[in-house]
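Novice: what would the 3D arrangement of this be:
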Amino acid sequence: MDYTSVSAGTRAMAVALLGLLSVVGCSGDNAADLTGPEAKRGPQGLPTFAEVQSALDQIVAEENAGLGFNMWATIVDRAGVVQLVTFSGSSPVDQWPGSRVISAQKANTANAFSLDGLALSTANLFAAVQPGGSLFGLQESNPVDTRVAYAGPASAYGKHNDPMIGKRIGGINVFGGGLALYSPTGTLLGGLGVSGDTSCTDHIIAWKLRHALNLDNIPGGVDLPEHTDNITFTEGTLDGFEHPECFDSDVNVVGNHVDIANNLPTTHPVGPDE
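Specialist: The predicted structure is shown next:
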C-alpha cells in the first residue's frame, strides 16, 4: 500500500509508536527516565545523595594521609549509568576540577571489571596495565564520553542535577580510588569512584565511604591473605595486582598512607556483619 493513501489517523498512530520505541530504546541513558538521587534511582539499595554527601564530609575530616585535600565522589549503577556526583568542599572548585571526571572513571572501572564472585578495585589494576603487563592497553579500551563528562553548566557539577547523572560516562582508570559496591546480601550494585588527593588516599577514602554506606559486602578479592579488593603495595618488583606507594604531606598531621591502607580490612572490615 502506498504510504500516501494511509489515513491521517493511522499515520498519527505510527508516529506515536515510533516515538514510544525510541524512548524504550534509550531507557537508562536519559536523565528524564530517572526519578532523582533522593528517590534511590537504579537498583534497590544504592545510597541517596544526602547519604553519600554526609558520609564523605565526615570521612574527609579524618586522618587519611596524602595531601589532606577535598574530594569528589561518583556512583554508577550496574549498567554504568551515573547515579550521583558530589564533593566535600563548599563549592566545585574547592577540590581539583579535573577529579570530577576521574571519580566517574573510577566508579565505571570498578563496576565494569568486578563480578558477583570477584571484586576488583582500580588499585588492583595498576601493575597489570604497565608496559609488558598482562592487561597492557586496558586503560585505552573504554574511553570517557566527553559529551557526557563536560555537558551542562559547571555550576551544577557535584549537585543533585549534575549533568552526568542518568548517562553513561565510560572511562577506565587504573590507580586507587575505585571500588565495586555490593549489597548486604552480596548483590553487585555498581561502582564508587573517589578522587581529589593522591591515588592511595583516594583508595583509603573510597574504602571508608563504601564501609559507611554498608556496600562493602564483597565476595572476595585479590589482596591476600585477606581476600579483599584492598590496595596492595609493591615490595620490590611491581607485578601481579600491586600498586606503588604514594606520599604524605605531613605524617604527623594526616598519617602514613601505607599503615592506614594496610589496616583497612581491620579498621573498616568488609562483610554484612561488619
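Novice: quick one: the strands in the stretch 51-200 of the chain?
Specialist: Under the criterion DSSP state E, counting those that start in this stretch, strands of the stretch 51-200 of the chain are mapped to 72-77, 82-87, 178-182, 188-195.
Novice: summarise which helices and strands the first one is packed against.
Specialist: In other words, strand 72-77. helix 49-60, strand 82-87, helix 99-112, strand 188-195 (3 or more Cβ pairs under 8 Å, 6 or more residues apart in numbering; DSSP states H and E). Using the backbone N, CA and C atoms, a C-beta is placed for each residue, glycine as well.
Novice: Asn214 is nearest to which of those?
Specialist: helix 49-60 (10.2 Å; Cβ to Cβ).
Novice: identify the residues contacting that closest one?
Specialist: For helix 49-60, the surrounding residues in contact (Cβ atoms under 8 Å, 6 or more residues apart in numbering) are 37-38, 70-71, 73, 75, 84, 86-88, 160, 205, 208-209, 212-213.
Novice: buried ones among the residues you listed?
Specialist: By neighbour count, with 16 or more other Cβ atoms under 10 Å, the contacts of helix 49-60 hold 37, 70-71, 73, 75, 84, 86-88, 160, 205, 208-209, 212-213 as buried.
Novice: quick one: the most centrally placed residue in the chain from Tyr157, how far?
Specialist: The centre of the chain sits closest to Ala107, judged by Cα atoms, centre = their mean, with a distance of 1.8 Å. Distance of Ala107 to Tyr157, computed by Cβ to Cβ, to the nearest Å: 15 Å.
Novice: same check, this time on Asp229
Specialist: 28 Å.
Novice: neighbour count: these two, which is higher?
Specialist: Taking neighbours as other Cβ atoms under 10 Å, Asp229 and Tyr157 compare with Asp229 leading, 31 against 22.
Novice: skipping adjacent residues, who's closest to that one in space?
Specialist: Take Asp229 and drop its neighbours on the chain: the residue closest to it by Cβ to Cβ, 6 or more residues apart in numbering is Gly221, 3.7 Å away.
Novice: surely that neighbour and Ala119 touch.
Specialist: Yes - the criterion here is Cβ atoms under 8 Å, and Gly221 meets it with Ala119 at 4.9 Å.
Novice: which residues do the two both contact?
Specialist: 228-229.
Novice: more crowded one of the two?
Specialist: More crowded of Gly221 and Ala119, by other Cβ under 10 Å: Ala119, with 29 against 23.
Novice: ok, now how distant is that one from Glu245?
Specialist: Relative to Glu245, Ala119 is positioned 22 Å away (Cβ to Cβ).
Novice: quick revisit: residues contacting the residue nearest to Asp229?
Specialist: By Cβ under 8 Å, 6+ apart, Gly221 lies in contact with 118-121, 124, 227-230.
Novice: show the pLDDT at the closest residue in space to His268 that isn't next to it in sequence.
Specialist: Using Cβ to Cβ, 6+ apart and skipping the chain neighbours, the partner closest in space to His268 is His211 (4.1 Å). If you check His211, the pLDDT there is 96.
Novice: now swap in Gly36 and tell me
Specialist: 42.
Novice: now Ser249: closest residue in space that isn't a chain neighbour?
Specialist: Per Cβ to Cβ, 6+ apart, closest to Ser249 is Leu67, 5.0 Å.
Novice: what's the local residue count around that neighbour?
Specialist: Neighbours around Leu67, by other Cβ under 10 Å: 16.
Novice: distance of it from Cys200?
Specialist: 11 Å.
Novice: and what of Met164?
Specialist: Met164 is 25 Å from Cys200, by Cβ to Cβ.
Novice: same deal with Thr122?
Specialist: 12 Å.
Novice: compare these two and say which one has the larger neighbour count.
Specialist: Per other Cβ under 10 Å, whichever of Thr122 and Cys200 has more neighbours is Thr122, with 34 against 27.
Novice: so what's the more buried one up against?
Specialist: Contacts of Thr122 by Cβ under 8 Å, 6+ apart are 106, 109-110, 173-179, 193, 203.
Novice: give me the pLDDT value at it.
Specialist: We have a pLDDT of 98 for Thr122.
Novice: count the residues that sit near the residue lying closest to it once chain neighbours are set aside.
Specialist: Among residues not flanking Thr122 along the chain, Gly178 sits closest, at 3.4 Å (Cβ to Cβ, 6+ apart). Gly178 has 39 neighbouring residues, counting by other Cβ under 10 Å.
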